[in-house]
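J.: next comes the sequence, and after it the predicted model I'd like to discuss.
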Amino acid sequence: MRTRAAVLCAAAVMAGSVSVPPAGATARPAAPASAVTWKKCGTTDYPTLQCGTLQVPLDHRDPGGRKITLALSRVPHTASAYQGPLLVNPGGPGGSGLSLAGFVAATLPKEVAARYDVIGFDPRGVGRSSPSIDCAPGHFDPVRPDSVPSTPALEQANLQRVRSFAAACGKKYGSVLPHLDTVSAAQDMDLIRQALKATRISYFGYSYGTYLGAVYARLHPDRIHRLVLDSVVDPTGVWYDDNLAQDHAFDERHRALMAWIAKYDATYKLGSDPARVEAQWYAMRAELAKKPAGGTVGASELEDTFIPGGYYDGYWPYLAEAFSAYVHGRKTAALVEAYQNFGAVDASGDNGYSVYAAVQCRDTSWPRDWNQWRKDNWAAYEKAPFMVWNNAWYNAVCASWPTSALKPPDIANRKIPPALLFQATDDAATPYQGGVTVHRLLAGSALVVEQGGGNHGITLSGNTCLDDRLAAYLADGTVPHGDGAVDAVCPRTPEPKPLSTRAASTSSRGSTLHGLLGFRG
């Protein structure tokens, strides 16, 4: 449930829960919502896209108080069999959904997309919404301290970074942070519904967007028409436990990449034994910790560069080429380029991370005792070293966050129409158990599994079996019904080939989608 802004070949990621909204939240309408004025903002890829804004209360308990502005996008319906708005969200928290509306409308079968107004939005704090927060510009600028705190000095350097970030957020946005949370974003969605003059909405969310959608459905079950959740967050682990679970899943996914590189030893010449390839990767990491590639890619930046490979295997050929070039002759140009494409964080990424931290730290309680973080993460590192400490520092701002924590709502729901869930068995960012758990909690839902798939965000990415299920559901509510815990199984999307053996690195749809979803999203 982590976000990155860099893309490649793209156009343009709950302990203790309650059955009511968190304290301080309300499910009642905050205020009558005015209609949205739409203006043309089409692009070459999405020529019918329109843009608008909507003012909502900063604090939904005080509908007459301070207002903030949400940025919206729309691809209007064209069919007479109109089914209402379809809100889309790419995850994060912190991801912008404006371009995703165009992509979804363009990628669904025309006869299905034509029945909906496909609505994108930048959630509060994000992108073109106002205020758009950026707590500490350049927080991820290279070269950062080695993420693995193998010495007291490294631990203190990393602790200082995350504590400074949390303090900067509190200083710059003290009046806003208490209102950046999932329930508040869900209440914004209901004001969007009102502004669109819709009795009910449909919703299509990826990654963290699955949690946002499930929370909205819990708060407003009578306002759901269709509900699609792709790559499903486990609501029983938000957010500390979910991140520890990610660490183990990403380690497995990294080893899958090492095995793929070994399979193509004739191309990369790093050995045909995955264990040998992996050993060379860690040796590369150790060298970069001492001498960053191009003065830019140290150990932490190398992790940033390879973590996206856990989200989408379309990036594997690029990562493998950079890895091979470094091992064979210590050539650094490809590695630096891969970092710039995958790992580097620009201003949009700074904003996305600021919202990510604000929402996750506010949503639920996190350990405040650093000794617990140290104990839990070293224990995970012993079994799954690839991403543990990088992920720990990404989230450790919550150990000293300047706002109090809410209690996450229980998303269990028996009042909504059948929802459709999609989950890959080897997804690292939202491990498989999340899909199973939410399938159990949402009565009447259907779970479609991509067997052996490891990508994060699997619909509208070129898998016809999955996409046909999605299209049928959005067309008329059709859901599969199986005999066991899974309702339908689809074969996985084929693995990529080395760049030298094929014309293109991956499908354009898959590349575009994963660019829009971002990394750590």
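T.: Now that the structure is in, tell me what you want to look at. Numbering: from 1, shown residues only.
J.: got the CA positions of the worst-scoring helix or strand of the chain on mean pLDDT in PDB?
T.: Of all helical and strand segments in the chain, the minimum by mean pLDDT, DSSP states H and E falls on helix 508-517, at a mean of 92. Presented in PDB, the C-alpha positions along helix 508-517 are these (Å, rounded to 0.1, in the frame of the first residue of the first chain):
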ATOM      1  CA  SER A 508       0.800  -1.400 -23.500                       C
ATOM      2  CA  ARG A 509      -2.400  -1.800 -21.400                       C
ATOM      3  CA  GLY A 510      -0.500  -3.400 -18.500                       C
ATOM      4  CA  SER A 511       2.300  -0.800 -18.600                       C
ATOM      5  CA  THR A 512      -0.200   2.100 -18.700                       C
ATOM      6  CA  LEU A 513      -2.200   0.700 -15.900                       C
ATOM      7  CA  HIS A 514       0.700   0.100 -13.600                       C
ATOM      8  CA  GLY A 515       2.000   3.600 -14.400                       C
ATOM      9  CA  LEU A 516      -1.300   5.000 -13.200                       C
ATOM     10  CA  LEU A 517      -1.400   2.800 -10.100                       C
END
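J.: buried stuff in that helix?
T.: Of all the residues in helix 508-517, those buried under the rule 16 or more other C-beta atoms under 10 Å are 509-517. The C-beta positions use only the backbone N, C-alpha and C, and glycine is treated the same way.
J.: what do you get for stretch 215-231?
T.: For stretch 215-231, by 16+ other C-beta under 10 Å, it's 215-220, 223-231.
J.: which of those residues fall within strands?
T.: Filtering these for membership in strands, criterion DSSP state E, returns 224-230.
J.: okay, the nearest residue to Leu196 once chain neighbours are set aside and Arg276: tell me how far apart.
T.: Excluding its sequence neighbours, the residue lying closest to Leu196 (C-beta to C-beta, 6 or more residues apart in numbering) is Pro85, at 5.0 Å. Distance, Pro85 to Arg276, using C-beta to C-beta, to the nearest Å: 53 Å.
J.: so between those two, which is more surrounded?
T.: Pro85 (23 against 14; other C-beta atoms under 10 Å).
J.: ok, what's across the strand from that one?
T.: Asp117 (DSSP bridges).
J.: separation between it and Leu180?
T.: 24 Å.
J.: in the protein, which spans are strands?
T.: Counting by DSSP E, the strands of the chain are 39-40, 50-57, 67-75, 85-89, 117-122, 201-206, 224-230, 420-424, 446-451, 488-491.
J.: same for the shortest one, what does it pack against?
T.: So that's strand 39-40. strand 50-57 (3 or more C-beta pairs under 8 Å, 6 or more residues apart in numbering; DSSP states H and E).
J.: wait, what's in contact with the residue lying closest to Tyr282 once chain neighbours are set aside?
T.: Leaving aside its sequence neighbours, Tyr282 sits nearest to Pro385 (C-beta to C-beta, 6+ apart; 7.9 Å). By C-beta atoms under 8 Å, 6 or more residues apart in numbering, the contact list for Pro385 reads 148, 251, 282.
J.: pretty sure the second one sits against Met387.
T.: Okay, so that is Asp251. Yes: the pair Asp251 and Met387 qualifies as a contact (C-beta atoms under 8 Å) at a distance of 6.7 Å.
J.: so between the two, which is more surrounded?
T.: Met387 (28 against 20).
J.: quick one: which of the strands of the chain is nearest Ala266?
T.: Closest of the strands of the chain to Ala266 is strand 488-491, at 26.5 Å (criterion: C-beta to C-beta).
J.: what strands flank that closest one, and is each parallel or antiparallel?
T.: With DSSP bridges as the test, strand 488-491 is paired with strand 446-451 (parallel).
J.: next, the buried residues of the partner strand.
T.: 446-450.
J.: just the angle between that strand and strand 224-230, please?
T.: Compare the direction of strand 446-451 with that of strand 224-230 by axes from the mean of the first three to the mean of the last three C-alpha atoms, to 10 degrees and you get 20 degrees.
J.: then strand 446-451 to PDB, C-alphas only?
T.: Provided in PDB are the C-alpha atoms of strand 446-451 (Å, rounded to 0.1, in the frame of the first residue of the first chain):
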ATOM      1  CA  ALA A 446     -17.600 -13.300  -5.500                       C
ATOM      2  CA  LEU A 447     -13.800 -13.900  -5.500                       C
ATOM      3  CA  VAL A 448     -12.000 -14.300  -8.800                       C
ATOM      4  CA  VAL A 449      -8.400 -15.500  -8.500                       C
ATOM      5  CA  GLU A 450      -5.500 -15.200 -10.900                       C
ATOM      6  CA  GLN A 451      -3.700 -18.500 -10.200                       C
END
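J.: quick check: Ala217 touching Ile224?
T.: Yes: the criterion here is C-beta under 8 Å, and Ala217 meets it with Ile224 at 5.2 Å.
J.: name the residues contacting each of these two.
T.: Joint contacts of Ala217 and Ile224 (C-beta under 8 Å, 6+ apart) are 203, 416.
J.: can you pull the phi/psi pair for Asp426?
T.: When read as degrees, to the nearest 10, the backbone of Asp426 gives phi -110, psi 20.
J.: report how many residues lie close to it.
T.: If we define neighbours as other C-beta under 10 Å, then Asp426 has 19 of them.
J.: what's near enough to touch Asn455?
T.: Asn455 touches 311-313, 424, 427, 461, 493, 510, 514, counting by C-beta under 8 Å, 6+ apart.
J.: out of these, what pair is the most spread apart?
T.: Asp427 and Gly510 (14.6 Å).
J.: how far away is the residue nearest to Leu196 from Ile411?
T.: 21 Å.
J.: low pLDDT regions in the stretch 351-500 of the chain?
T.: By pLDDT under 70, the stretch 351-500 of the chain has no low-scoring segment.
J.: for the closest residue to Asp242 other than its chain neighbours, give its distance to Pro409.
T.: The spatial neighbour of Asp242 that comes closest, neighbours along the chain excluded (C-beta to C-beta, 6+ apart), is Asp234 at 5.8 Å. Separation of Asp234 from Pro409 (C-beta to C-beta): 15 Å.
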